[in-house]
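Undergrad: quick check, what structure comes out for this input:
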Amino acid sequence: MADAHNPLEQFAIRRIVDIHIGGLDASFTNSAAWMVIAIVAITVFMTYGMRAQALVPTRWQSLAEMAYEFVANMVRENAGTAGMQYFPFVFTLFMFVLFSNLLGLLPLVNLGFTVTSHIIVTFALAATVFIGVTIIAFAKHGLKFLTFFVPHGVPWPLLIVLTPIEVISYFIRPFTLSVRLFANMMAGHTMLNIIASFVIGLGLIAGWAPLIFMVGLSGLELAIAGLQAFVFAILTCIYLNDALHLHH
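TA: Residues are numbered from 1 along each chain as shown. Have a look, this model is predicted:
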């Protein structure tokens, strides 16, 4: 059971099934369990929403179609028509981050877990994007992709300074992408836990003020959960656009 007095206890990784392969600890944890739950939830949402394929869509079908069109428009506007071949990956990424963020807001005091509040998870997602985009860039342009790090129209003496900066800024992409998501999720959930402890500690009569604040903060966290999924996906599209078109 989570310690209500420690707001960081909610982020603790706990083994559910111990699995050891040689010297490797591959145990099934609460983090892995909530990733599976997120994947199952997405599958059920899309399958249930699109099963009827009615001309006049139901509410679930409308939600599924809205999610599809939202991401499709995002890819088209930020990566062009050439980027649409990578739409399945961007859509999957967006939905996984969105559902992981939303599931972390469920009021399950003893069971709830926010997968995206762990830097190892967000970095794995960001590293996948970074490596994939880099492979696409070299596959499409070959060594010409290296010109991406050379700013156009800049005097050659400045290139000695600017080119290393461009290289560094490119390679820190997975770090900035992962830290942004991780930090927002962790900070928000920590704040919610702290405010909740005030409500419990002060009681119903004296705790009404922090309770109202907590309700408002919960609404804000709900908006941030969607916003961070959007930011993660749109930055992926921008990186993909750079790889496909060498825009600088």
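
Undergrad: which residues touch the one residue sitting closest to the centre of the chain?
TA: Against the mean C-alpha coordinate of the chain, by CA atoms, centre = their mean, the closest residue is Val97 at 3.7 Å. Shown in contact with Val97 (CB atoms under 8 Å, 6 or more residues apart in numbering): Thr116, Leu125, Leu181, Gln228, Ala229, Phe232, Ala233. Quick note: C-beta positions are derived from backbone N, CA and C, even for glycine.

Undergrad: can you do 10 Å?
TA: Residues in contact with Val97 (CB atoms under 10 Å, 6 or more residues apart in numbering) are 38, 115-116, 121-122, 125, 181, 185, 225-226, 228-233.

Undergrad: can you give me the strands in the protein?
TA: 15-17, 20-21, 24-25, 28-29 (DSSP state E).

Undergrad: average pLDDT across stretch 135-146?
TA: Stretch 135-146 shows a mean pLDDT of 92.

Undergrad: same question for stretch 69-78.
TA: Averaged over stretch 69-78, pLDDT sits at 95.

Undergrad: kindly report the same for stretch 155-162.
TA: On average, stretch 155-162 scores 83.

Undergrad: what residues does it touch?
TA: For stretch 155-162, contacts defined as CB under 10 Å, 6+ apart pick out Phe149, Val150, Pro151, Val154, Glu166.

Undergrad: need the longest helix for the chain.
TA: Scanning the chain for the helix with the most residues, using DSSP state H, yields helix 208-245.

Undergrad: tell me the average confidence for it?
TA: Mean pLDDT, helix 208-245: 85.
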